[in-house]
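Asks: attaching a predicted model along with its sequence, questions to come.
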Amino acid sequence: MTTTSGLTSTAAVSELLESTGYLTDEGLATITYLALAMGRPLLLEGEPGTGKTSLAEALAAGLDRPLIRLQCYEGIDASQALYDWDFTKQILHLRALETAAVTRGAERPVGSEATADPAAGNGLATEEIEKSLFDERFLLDRPLLKALRNGPAVLLIDEIDRADDEFEAFLLEILSAWQVTIPELGTIRAQTPPVVVLTSNRTRELHDALKRRCLYHWIDHPGLAREVAIVRTRLPQVSERLAEQLVTVVQNLRRDTHLIKPPGVAESLDWAQALVELGASELDLATAAATTGALCKHREDLDRVRSSLEKILAG
């Protein structure tokens, strides 16, 4: 089977992602390949900072397609995700029609019959004016419509678990048919359906109907060797020694069940970048303690991490 851009195997997908700096394991590369080959959305769940969003970014870069991102949040609705009308331009359009009608009226010969209807004075029926207000030039493409109309693209639906049940049901309809009906314009179909990646931090359970539409993968934190490789791939200026030290600390912290928010790979990269900015080639206690704000974003976690750094670094 031939899939997107000639990617015909798991190895080809792994190489494509690696070319963008995204290192993956066989499980994630396999499910990504299958999503591309089968034309199915890919649903990624996992702890924050494990690389879910980055996978979509890497696919867009590797496939040389635009990345269209829909950031979900509580209360998001169809008009914010699909399309809306540019009311400002519509009002200006109406005013232009009224001005034209007044001008035409002023140009009529003296004694000619006046009209109180600006639409009639402009030579347009009311129905025609109403139709002109909902012309495509006034249509505002939101992410979902943009992905349908501007393919091929990679559509990232980020943190779908933050949206409510009604939006999830609406989204399922779009992903099933790859089309949307705009009452004023008709049905718009995707000529080339987008590659779709949905992410969830599992703050709530998604409905089975959406999960059945997707291929699913849970992204775990990487092991020591792969995380070191990720750090050195993204930040080649980090020495092997420093990368191993900081990743060892991070992996130990993830096993601390008392942390409010254990650090993810994103935090490992932030910490590595911070250490590089300070010119560190090795991790010592003073530098580690001073830079833990790159790892932890809660005061309680900062205090706990700083108190455990000496033991971790000594071990």
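Replies: Yep, that arrived.

Asks: could you point out which element follows the worst-scoring helix or strand of the chain on mean pLDDT?
Replies: Least confident helix or strand, the chain: helix 118-121 with a mean of 46, by mean pLDDT, DSSP states H and E. Scanning forward in sequence from helix 118-121 by DSSP states H and E, the next helix or strand is helix 126-133.

Asks: next structured bit after that next one?
Replies: Defined by DSSP H and E, the subsequent element after helix 126-133 is strand 139-141.

Asks: now do the very next helix or strand once past that next one: distance to the chain's middle.
Replies: Tracing the chain C-terminally past strand 139-141 and defining elements by DSSP H and E, one meets helix 143-149 next. Using CA atoms, centre = their mean, to the nearest Å, the distance from the centre of helix 143-149 to the centre of the chain it belongs to is 13 Å.

Asks: outside of helix 143-149, which residues touch it?
Replies: Residues outside helix 143-149 that contact it (CB atoms under 8 Å, 6 or more residues apart in numbering): 68-70, 81-83, 141, 153, 155, 171, 174, 178-180, 188-190, 194, 196. Backbone N, C-alpha and C define where each C-beta goes, glycine included.

Asks: for ChimeraX, write the select line for the buried members of those residues.
Replies: Here is the ChimeraX selection string for the buried members of these, based on 16 or more other CB atoms under 10 Å:
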select :68,69,70,81,82,83,141,153,155,171,174,178,180,188,190,194,196
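
Asks: just the contacts of helix 143-149: which are in helices?
Replies: Assignment to helices by DSSP state H places the following of these there: 81, 171, 174.

Asks: the closest residue to residue 258 other than its chain neighbours - how many residues pack around it?
Replies: Spatial nearest neighbour of residue 258, excluding adjacent residues (CB to CB, 6 or more residues apart in numbering): residue 304 at 6.5 Å. Number of residues near residue 304 (other CB atoms under 10 Å) recorded here: 18.

Asks: contact partners for residue 304?
Replies: Residue 304 neighbours (CB under 8 Å, 6+ apart): 256, 258-259.

Asks: closest to residue 207 out of the ones in helices among the contacts of helix 143-149?
Replies: In terms of CB to CB, no member of the ones in helices among the contacts of helix 143-149 lies closer to residue 207 than residue 171, at 10.4 Å.

Asks: confirm for me that the closest one is in contact with residue 165.
Replies: No. The criterion here is CB atoms under 8 Å, and residue 171 misses it with residue 165 at 10.7 Å.

Asks: overlap in contacts of those two?
Replies: With CB under 8 Å, 6+ apart, residue 171 and residue 165 have no common neighbours.

Asks: could I get the lengthiest helix in the chain in PDB with only the CA atoms?
Replies: When the chain is parsed with DSSP H, its longest helix is helix 87-106. Extracted in PDB, the C-alpha atoms of helix 87-106 (Å, rounded to 0.1, in the frame of the first residue of the first chain):
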ATOM      1  CA  PHE A  87     -19.700  41.300  10.300                       C
ATOM      2  CA  THR A  88     -17.600  44.400  10.000                       C
ATOM      3  CA  LYS A  89     -17.200  43.900   6.200                       C
ATOM      4  CA  GLN A  90     -20.800  43.000   5.900                       C
ATOM      5  CA  ILE A  91     -21.800  46.300   7.500                       C
ATOM      6  CA  LEU A  92     -19.500  48.300   5.300                       C
ATOM      7  CA  HIS A  93     -21.000  46.500   2.300                       C
ATOM      8  CA  LEU A  94     -24.500  47.500   3.300                       C
ATOM      9  CA  ARG A  95     -23.400  51.100   3.800                       C
ATOM     10  CA  ALA A  96     -21.800  51.100   0.300                       C
ATOM     11  CA  LEU A  97     -25.100  49.900  -1.100                       C
ATOM     12  CA  GLU A  98     -27.000  52.600   0.700                       C
ATOM     13  CA  THR A  99     -24.500  55.300  -0.500                       C
ATOM     14  CA  ALA A 100     -24.900  54.100  -4.100                       C
ATOM     15  CA  ALA A 101     -28.700  54.200  -3.700                       C
ATOM     16  CA  VAL A 102     -28.600  57.800  -2.400                       C
ATOM     17  CA  THR A 103     -26.300  58.800  -5.300                       C
ATOM     18  CA  ARG A 104     -28.500  57.300  -7.900                       C
ATOM     19  CA  GLY A 105     -31.500  59.000  -6.300                       C
ATOM     20  CA  ALA A 106     -29.800  62.400  -6.400                       C
END
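
Asks: now it, how far from the centre of its chain.
Replies: 40 Å.

Asks: packing partners of it?
Replies: In terms of contacts (3 or more CB pairs under 8 Å, 6 or more residues apart in numbering; DSSP states H and E), helix 87-106 is packed against helix 118-121, helix 126-133.

Asks: buried stuff in the longest one?
Replies: It refers to helix 126-133. 129, 133.

Asks: no further queries at this time; thank you.
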